[in-house]
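Participant: Provided below are the primary sequence and the corresponding predicted coordinates.
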Amino acid sequence: MMARCQLWTAGLMVTMVFSISLTVAQDSGLPDAEAKQRGSGEVVRRESNPLLSRKKRHWIWNSLYVEEEKPVSSPYKIGQLKSSHKLEVMKFEIEGEGANTIFLVGDNGDLLVTRALDREEKSTYNLTAKLYDGNHKLIEDSGEFVVRVTDINDNIPIFPKEYKGSIMERSPIGTKVVEVTATDADDPTSPNGELRYSLINDGEGAFEIQTISGLISSKINTLDRETKSQYVVVVKAQDMRGLPSGSTATTSVTITITDVNDNMASFSKGKYMLQVPEDHKLKEKISTLELTDRDQIQNKEPIVTILGDYSRVFGAELNPGKNANLILKQPLDYETMKSYTFTVKVQENLNLRLPADNVNQALTTAMVIVEVLDVDEPPVFSQPNYTFPVMEEQLVNAVGVVTARDPDQANKRIRYSVLQKDCPVDINPHTGQLFSLRTLDREAESTHRCQVKAQEEPSGLESFVEINIKVQDINDNKPELMSEQDIFVCENDMSDTVIGTLKATDKDEQPASFAFKLATKSSNFSLYDHGNGSASVLVLRGPFSLDDPKDYSVDVSISDGGRPAQTSVTKLVIKSCRCDARRRPTQCKAGAQKVGVSVHALIAILLCILTILVIVILFVMRKRYQKDSLANMKNSGEIHEQLVTYDEEGGGEMDTNGYDVSILTSACHDGSLLRHADHHPHPSLYAVVQKPHQAPPTACKGDMAAMIEVKKDEADHDRDGIPYDTLHVYGYEGPESLAGSLSSLDSSSTGSNLDYDFLSDWGPRFRTLAELYGVDGSDYYHQY
């Protein structure tokens with residue numbers, strides 16, 4: 001069947017080629033009668049029509065046509081090159097696209113095609129023909145001609161991409177959705193490339209398509225996203241202008257139905273039962289009232305309102321999911337109100353497409369019942385904070401009252417306390433009455449902040465509140481003189497010359513109206529009070545001189561006008577200067593301090609001086625007392641108590657009682673205390689010292705300090721001497737130490753329970769130790 005169509009088409013195209021050739025010939029200026037006698041590709045001389053003849057151009061070439069994809073078993077003729085010239089053409093040549101490869105020319109001028117051509121690959125070939133005579137001379141000017149490849153329907157339509165469209169629900173009929181376009185590689189000017197569109201699946205009759213443009217539009221106006229949100233339609237594209245013999249292609253187009261606000265917001269149920277504890281925080285969510293709206297989130301904007309008086313207690317806010325959150329706006333009290341019943345209403349805030357789809361099913365109102373649950377609450381103060389005024393410099397027994405109550409039915413007693421220890425007020429734990437602990441100074445601190453705790457007895461819940469103590473001002477500060485600039489008098493100032501302006505300041509809060517006057521009359525100056533808190537200093541009489549050794553000053557008395565009035569007297573020093581014509585000082589004499597020392601500062605200075613004197617006197621007296629005590633000490637016990645010191649860990653005076661001080665004092669009776677003149681080494685001093693014989697030794701009449709110095713010197717030069725008790729200080733370990741003490745102070749010859757007689761058998765080197773520990777006092781003296 002296809003072969004027949006192609007043959008039929010080829011025959012048709014041959015006819016068309018012939019017609020085109022004739023048309024071209026007509027366009028070229030040939031007469032109709034002559035053009036009809038010409039064949040395809042025929043060369044005609046213009047000289048046949050003298051009216052249309054042109055110089056330098058003798059050929060007109062018609063277009064030649066080749067059928068696309070025509071099978072070629074051997075080269076076939078598509079035309080012939082001819083000349084109207086009477087000269088015999090001996091040779092034909094062609095040049096250009098495909099010359100001598102695709103296209104050949106015979107000796108008689110026949111134009112041949114050697115292979116099948118594809119129009120989609122190349123649709124036209126531009127060639128040039130040349131004709132030569134027997135002398136190989138060009139008979140005619142070379143001319144150009146075109147070989148056109150005629151199209152056959154060998155390509156099917158193609159959709160280059162996937163198509164998606166969207167349309168709003170409830171759109172009117174004919175609303176554009178999307179335009180689809182298919183491509184066909186065949187000649188678009190021929191039926192082979194002309195496409196027609198149709199819908200195989202029209203989305204349940206909801207859409208239609210324009211056959212030529214491919215525009216898909218709505219066919220109905222009742223599209224509903226909530227019913228069906230997406231459609232898939234199948235589009236068919238067919239060439240050959242939609243004839244059954246044309247090639248086809250199909251594609252699926254997804255059409256999405258977009259949402260509009262055509263559904264009313266509705267409560268999910270008509271009654272809500274809620275429970276909330278009475279201590280629920282304000283602005284916090286109690287519960288969520290769920291709403292139903294089939295529209296998408298961007299088309300949901302409901303407004304929920306609470307009807308009735310309880311709208312001041314509760315409120316409704318939208319959450320991100322467009323549901324209503326019920327919140328608390330006022331505190332709840334189980335003892336006052338145990339439940340609330342009210343109605344909530346919902347309505348649309350955005351434009352609603354009427355009539356709404358769910359107009360008959362929507363619940364726009366609902367009943368809400370809120371049950372309040374009882375909880376143990378802390379005490380509640382009557383105010384969120386308290387402020388009490390207190391006059392400064394006064395002790396007030398009744399500053400104010402802080403009141404709290406137990407909101408529960410138990411109504412427990414409340415106990416009050418002030419948390420800050422440095423708070424200037426305290427509180428009665430039972431009544432909440434505040435009272436002053438000390439006088440306050442507003443100039444030091446104008447406001448004191450403290451916290452009061454209220455606790456249910458005996459040890460229940462607690463609450464806290466802040467109290468502010470505002471210190472009220474009284475007129476307890478004297479005014480102070482304040483001069484904006486140094487005041488000076490010129491040598492040539494005349495009487496009534498204003499030499500300066502005085503002002504005053506006051507630390508008190510009360511507005512002051514300062515009054516100025518001279519405390520003592522001045523012979524040179526006067527004071528003029530302006531009545532506005534300032535005064536002028538005027539010259540009363542002169543003259544003034546820098547050579548005058550006297551300093552000029554006036555005593556200014558200032559009163560602040562308060563209750564009670566405070567008055568101060570300040571000495572104002574006035575410098576004397578030499579001035580120019582404009583009263584600008586060029587030379588001034590240095591004056592005394594402008595403002596004197598206040599009484600308080602003077603008292604502080606005197607107290608400091610007195611304190612220093614007392615400390616110096618006590619230090620001197622202590623030194624004298626220590627010196628007198630050393631001079632009057634004669635008892636050996638007192639001496640060793642003063643001279644021997646240890647870094648003890650404990651144990652009292654046990655270490656000072658562990659040796660015999662008589663050994664130390666007995667050296668006074670021996671003439672060996674003096675240094676030998678020859679300075680030769682001598683036996684150890686301790687070895688030759690004799691103990692008292694039977695009778696106790698008398699007190700040493702020499703200087704104890706000199707004796708100790710001599711003993712120290714002898715011990716330093718005696719390399720064989722043992723450590724001497726009074727010349728060394730030991731770190732006494734105390735009686736509880738396991739290691740014991742390294743000191744020999746506790747190794748006295750008396751009071752020991754050990755037997756050291758074996759030391760006598762150890763030879764001369766241990767004789768000293770044997771004498772010290774091995775014998776008693778009487779035996780010791782008999783041996784020597």
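Facilitator: Thanks, I have it. Residues are numbered from 1 along each chain as shown.
Participant: Next, K550: secondary structure please.
Facilitator: coil (DSSP: H, G, I helix; E, B strand; the rest coil).
Participant: Revised request: answer the last question for R583.
Facilitator: Strictly by three-state DSSP, R583 counts as coil.
Participant: That one contacts F488, correct?
Facilitator: No - judged on C-beta atoms under 8 Å, R583 makes no contact with F488 at a distance of 9.4 Å. For the C-beta atoms, the positions are set from N, CA and C on the backbone; glycine is no exception.
Participant: higher neighbour count, those two?
Facilitator: F488 (21 against 13; other C-beta atoms under 10 Å).
Participant: what's the nearest residue to the more buried one if we skip its chain neighbours?
Facilitator: K575 (4.2 Å; C-beta to C-beta, 6 or more residues apart in numbering).
Participant: By residue count, which helix of this structure is the longest?
Facilitator: Secondary structure of the chain per DSSP state H: the longest helix is helix 599-632.
Participant: buried sites along it?
Facilitator: Going by neighbour count (16 or more other C-beta atoms under 10 Å), nothing in helix 599-632 comes out as buried.
Participant: any idea of the mean pLDDT for that helix?
Facilitator: Regarding helix 599-632, the rounded mean pLDDT is 85.
Participant: what packs against that helix?
Facilitator: Here helix 599-632 touches no other helix or strand, going by 3 or more C-beta pairs under 8 Å, 6 or more residues apart in numbering; DSSP states H and E.
Participant: Run the chain-centre distance for it.
Facilitator: Between the centre of helix 599-632 and the centre of its host chain there is 61 Å, according to C-alpha atoms, centre = their mean, to the nearest Å.
Participant: I figured V372 hits Y334, correct?
Facilitator: Yes - V372 lies in contact with Y334 (C-beta under 8 Å); the separation is 5.0 Å.
Participant: and the chain, what are its domains?
Facilitator: Residue ranges for the domains of the chain, per automatic domain parsing: 2-150, 163-258, 266-373, 380-472, 480-594, 605-633, 636-748.
Participant: Quick check: which ranges of the stretch 651-784 of the chain have low pLDDT?
Facilitator: Residue ranges of the stretch 651-784 of the chain with pLDDT under 70: 651-702, 719-755, 774-784.
Participant: Let's see that with 50 instead.
Facilitator: 652-653, 655, 667-682, 684-701, 724, 749, 751, 777-784 (pLDDT under 50).
Participant: that older thread, now list whatever residues contact both of V372 and Y334.
Facilitator: E278 (C-beta atoms under 8 Å, 6 or more residues apart in numbering).
Participant: ok, the helix or strand hosting the residue nearest to F488: who's next to it in the sheet?
Facilitator: Per DSSP states H and E: K575 is located in strand 567-579. With DSSP bridges as the test, strand 567-579 is paired with strand 488-490 (parallel), strand 552-559 (antiparallel), strand 585-588 (antiparallel).
Participant: of all the ones you listed, which gets the most neighbours per residue?
Facilitator: Of all these, strand 488-490 has the most neighbours on average by mean count of other C-beta atoms under 10 Å, namely a mean of 22.
Participant: What's the first helix or strand after that one?
Facilitator: strand 498-505.
Participant: Quick one: mean pLDDT over that following strand.
Facilitator: Strand 498-505 carries an average pLDDT of 89.
Participant: CA atoms only for that strand - export them in CSV, please.
Facilitator: What follows is strand 498-505, C-alpha atoms only, in CSV (Å, rounded to 0.1, in the frame of the first residue of the first chain):
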residue,chain,number,x,y,z
VAL,A,498,30.3,95.5,89.5
ILE,A,499,33.3,93.2,89.9
GLY,A,500,31.6,89.8,90.0
THR,A,501,28.4,87.8,90.2
LEU,A,502,27.7,85.2,92.9
LYS,A,503,25.4,82.2,92.9
ALA,A,504,24.7,79.4,95.3
THR,A,505,23.9,75.7,95.2
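Participant: can you give me the offset of it from its chain's centre?
Facilitator: The mean C-alpha position of strand 498-505 is separated from the chain mean by 54 Å, C-alpha atoms, centre = their mean.
Participant: who's in contact with it?
Facilitator: 479-485, 487-490, 493, 512, 514, 516, 525, 527, 533-539, 556, 558, 560, 572, 574.
Participant: Next step: the residues you listed restricted to strands.
Facilitator: 480-483, 488-490, 516, 525, 527, 534-539, 556, 558, 572, 574 (DSSP state E).
Participant: Now the buried members of those.
Facilitator: 480-481, 483, 488-490, 516, 525, 527, 534-535, 537-539, 556, 558, 572, 574.
Participant: circling back: of all the strands paired with strand 567-579, which one comes closest to C579?
Facilitator: C579 lies closest to strand 488-490 among these, at 3.8 Å (C-beta to C-beta).
Participant: which other residues reach that closest one?
Facilitator: Taking C-beta under 8 Å, 6+ apart as the rule, strand 488-490 contacts 499-500, 524-525, 539, 542, 544, 552, 574-579, 583, 585, 588.
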